[in-house]
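Visitor: Show me how the following folds:
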Amino acid sequence: MPFDAVTIPTKRLTLRVLTYSDAHALFEMFSDPEVMRYWSSPPLTDLSQIHRMLDDIHEDSSNHRALQLGIERQADNLLVGTCVLYHFHFPSRRAELGYALGRPFWRLGYMQEALNAFITYAFETLDLNRLEADIDPRNLASAKILERLGFQKEGLLRERWIVSGEVSDTGFYGLLRRDWLERSPTG
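Guide: Okay, the predicted model is just below:
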């Protein structure tokens, strides 16, 4: 399955390949200190960083190292966030899950809706067996989303990240394909 042709529709959203025309929306998201508060890197400071990021996304996609999609609102074709599968370990059918949502779109249910579709794609189309997520344990909203999706907290990795001089832990979450498929269809 070519990663550069993936489109996943949901009720209100479309998960789709990111393009260079998304640069300004991505910069707005990834330069926001609140969005990047619990990220593993500091907020971006220059639009050229987004262009390099998009180059990396396209290269990783064509080499099947990562699949990062934009989350677009269908009502107005506005890019509201991104979701990514990365650190694939194909022999074990495993990948890590990451996601970001622009601050104006928080608490509207968009990420839950997008990740429901993205996880279904990961397990059913990509035939993965396990997804993992590494979050800052202080990010309670992210923990709640993962738990609602059926992820289980599997551990705490102490002082795993140092970003802009701030040391933080990792809450490590996992979701198995069999657990996902046993869930109710409403999620």
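Visitor: what ranges do the strands span in this structure?
Guide: In the chain, the strands defined using DSSP state E lie at 7-9, 13-17, 66-73, 78-89, 94-101, 130-135, 152-163, 166-176.
Visitor: mind listing what's buried in the lengthiest helix in the chain?
Guide: Ranked by number of residues, the top helix in the chain under DSSP state H is helix 47-62. For helix 47-62, burial by neighbour count (16 or more other Cβ atoms under 10 Å) applies to 49-50, 53-54, 57-58, 60-61. Placement of C-beta: from N, CA and C, glycine included.
Visitor: For that helix, give the mean pLDDT please.
Guide: Mean pLDDT, helix 47-62: 94.
Visitor: what sits up against it?
Guide: With contact meaning Cβ atoms under 8 Å, 6 or more residues apart in numbering, helix 47-62 is reached by 3-4, 17-20, 22-24, 26-27, 30, 44, 65-68, 86.
Visitor: For the chain, identify the residue most remote from the centre.
Guide: What lies farthest from the middle of the chain is residue 165; by Cα atoms, centre = their mean that is 24.3 Å.
Visitor: Relative to residue 113, which of the strands of the chain is closest?
Guide: Across the strands of the chain, residue 113 has its closest neighbour in strand 13-17 (5.9 Å, Cβ to Cβ).
Visitor: got the contact list for stretch 131-140?
Guide: 37-38, 40, 85, 87, 94-98, 119, 122-123, 142-143, 146, 151, 156-157, 160-161, 168-175.
Visitor: tell me which of the buried residues of helix 47-62 is nearest to residue 183?
Guide: Closest approach to residue 183 among the buried residues of helix 47-62 (Cβ to Cβ): residue 61, at 28.1 Å.
Visitor: give me the low-pLDDT residue ranges for the chain?
Guide: 1-2, 184-187 (pLDDT under 70).
Visitor: Tell me which residues touch the spatially most central residue of the chain, please.
Guide: The centroid of the chain falls nearest to residue 99 when counting by Cα atoms, centre = their mean (2.3 Å). The neighbours of residue 99, taking Cβ under 8 Å, 6+ apart as the test, are 81-84, 111, 114-115.
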